[in-house]
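Trainee: sharing a sequence plus its predicted fold:
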Amino acid sequence: MSRAKTLGGALVVVIVGACSNSSPTTDGGTNDAGGDLSTADINTGNPLCYVPHADPITDTNGHTLKTFAPPCDTGPNTFVFSTSGEANAIVGYAYPPYDLNTATYMIDGWNWTIDRYIVVIDKITLWSNPNASSSDQSQHGPQVAHVNGPFVVDLHKGGPLDGKGGGGEEALAIAAILNQNDNGNAPFDPTQYYAFGFSTVQAPSDGSAINVNLDASEQDAYNYMVQTGASVYYHGTATWAGNQAGGQTGFGICSPDPQTDYDNGAQTCAVSVAADGGLDDAGNASCPSLYNFSQLPQTMTFEFGFPTPTNYVNCVNYSASELAGHDVRGVQSSSSQSEIEQVTVHMDHPFWESFEEDTPVHWNQIAAQYIGQTNPTAHLDDFKGVQFSPFQDKNKVVMPWQWCETAYSPPSNGPMSFDTLSVPIDPNGTCTGTIGQDFTQDNCPAIRDYYDYIRYTQSTQGHLNSQGLCYIDRQYPAPAGGS
């Protein structure tokens, strides 16, 4: 999550049957957002029946992805599940930010846009007794209900529902659960909370995937996901704009400035690296060279396929917690209407400076692996073997922090170093295991490089109703733990 979510996230109550963000046509055609309107849309204006535009997409084995059917309004004592990547999944991270207090932005001055943010969501599950253990969030009662996908959805396209986090967030209804279908079809008890969870899974090639809203232009993106085993996919562009104040007080004066300070000899020190990959004897005591940030590419494309299937278990309900004034786990049905619960997949997590929740986001560490290239395309595998504590650029030079907001303070006065908190770091470690199995069966005790780091923090991005934190059960080889 980001400061936008922390400072600007307000509780939004979604009224069932409210108007969508586009007026329905009367001829069964499409609205101005490009979504097909079902009969229920035309008759009631209910955004829960919204059918996004989707084209036939095939997987790598030639199966055509299944056609999506919206859940519509399932009535009292039922659950409808929407999904959202929040406002940033639609607009990216503008720099300069449009608002200092509510916008998410790259601290180091990059204007970051997203054009595809595809997530594969599966196994939406309810269990009894979300409070089985106050100290161990992974504990809950028996499974009582579920709905499976896998649903392939591009969250960049938003949807007709107001998202649970407010601030221009949009959401799209994808599934519903009518009763306790794993407990004799018993009705839900509106006086009880049910533990809630979901999974992100690798893009399948067995014909099981449901295409929610991918169009023909995303065929190659889906193929890339299947080929890389990705459960989450990012595609977009980043352009350095740290010298553009844009009328925002406190922005546009980077410290250190990528060219002016370098020419004036006032640049923060870069640290030379010994042959074994560690810092030399001088450390930070002297300044072997001045770091020239202008050597980084000034514009670049990124295509990240994260092979990080993860179970998000027994989530805290952010909406209910805001009303109660304390953490509330799980979801509760209503005897008067269907309850809309939102699977939220935050986009900023991979770029945090720490495993600590909600730390600032940076892009220099990404760009630094493409020094000497013009308009490169970044891929996740490019970060294998890249040292991150402290961080080394493509030329094995330890980088300093750079920031383009006067109110920001770097984590330390030393070199750029990404913090794993209590998770061990071992650049020479090994990591064995099988994707899709319980992490306790892996032998992957430490974070080895920036490839491990960015996947580990990315895999914490699943939430309930905007900011509700879940127990993180990774289904790919990674250090154990729920953080």
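Mentor: Perfect, I can see it now. Computed from a predicted structure; not experimentally measured.
Trainee: low-confidence ranges in the stretch 151-300 of the chain?
Mentor: 245-253, 255-289 (pLDDT under 70).
Trainee: quick one, strands of it?
Mentor: Secondary structure of the stretch 151-300 of the chain (DSSP state E, counting those that start in this stretch): strands located at 151-154, 161-162, 170-177, 195-200, 210-211, 232-240, 251-255, 269-270, 289-290, 299-306.
Trainee: kindly reformat these as JSON lines containing distance to residue 470.
Mentor: To be clear about C-beta, it is placed using only N, CA and C from the backbone, and glycine gets the same treatment. Compiled in JSON lines, the strands of the stretch 151-300 of the chain are given as follows (distance: least, Cβ to Cβ, whole Å):
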{"stretch": "strand 151-154", "distance to residue 470": "18"}
{"stretch": "strand 161-162", "distance to residue 470": "21"}
{"stretch": "strand 170-177", "distance to residue 470": "18"}
{"stretch": "strand 195-200", "distance to residue 470": "7"}
{"stretch": "strand 210-211", "distance to residue 470": "23"}
{"stretch": "strand 232-240", "distance to residue 470": "15"}
{"stretch": "strand 251-255", "distance to residue 470": "34"}
{"stretch": "strand 269-270", "distance to residue 470": "39"}
{"stretch": "strand 289-290", "distance to residue 470": "44"}
{"stretch": "strand 299-306", "distance to residue 470": "17"}
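Trainee: so which of the ones you listed gets nearest residue 383?
Mentor: Closest approach to residue 383 among the strands of the stretch 151-300 of the chain (Cβ to Cβ): strand 299-306, 9.8 Å.
Trainee: now do the closest one: which elements does it pack against?
Mentor: In terms of contacts (3 or more Cβ pairs under 8 Å, 6 or more residues apart in numbering; DSSP states H and E), strand 299-306 is packed against helix 219-228, strand 232-240, helix 364-367, strand 377-379.
Trainee: now those in CSV, with mean neighbour count and distance to residue 294?
Mentor: Below are the helices and strands packed on strand 299-306 laid out as CSV (neighbours: other Cβ atoms under 10 Å; distance: least, Cβ to Cβ, whole Å):
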stretch, mean neighbour count, distance to residue 294
helix 219-228, 18, 31
strand 232-240, 22, 9
helix 364-367, 24, 11
strand 377-379, 16, 18
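Trainee: just put those in JSON lines and tack on distance to residue 138.
Mentor: As requested, those are exported to JSON lines (distance: least, Cβ to Cβ, whole Å):
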{"stretch": "helix 219-228", "distance to residue 138": "28"}
{"stretch": "strand 232-240", "distance to residue 138": "22"}
{"stretch": "helix 364-367", "distance to residue 138": "31"}
{"stretch": "strand 377-379", "distance to residue 138": "33"}
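Trainee: buried sites along the top strand by length along the chain?
Mentor: Longest strand in the chain, counting residues (DSSP state E): strand 110-127. By 16 or more other Cβ atoms under 10 Å, the buried positions in strand 110-127 come out as 110-112, 114, 116-127.
Trainee: average pLDDT for whatever helix or strand comes next after it?
Mentor: Beyond strand 110-127 on the C-terminal side, the first helix or strand identified by DSSP states H and E is strand 143-147. Across strand 143-147, the average pLDDT comes to 98.
Trainee: distance of the closest residue to residue 112 other than its chain neighbours from residue 367?
Mentor: The shortest distance from residue 112 to any non-neighbouring residue, by Cβ to Cβ, 6 or more residues apart in numbering, is to residue 93 (4.1 Å). Separation of residue 93 from residue 367 (Cβ to Cβ, to the nearest Å) stands at 14 Å.
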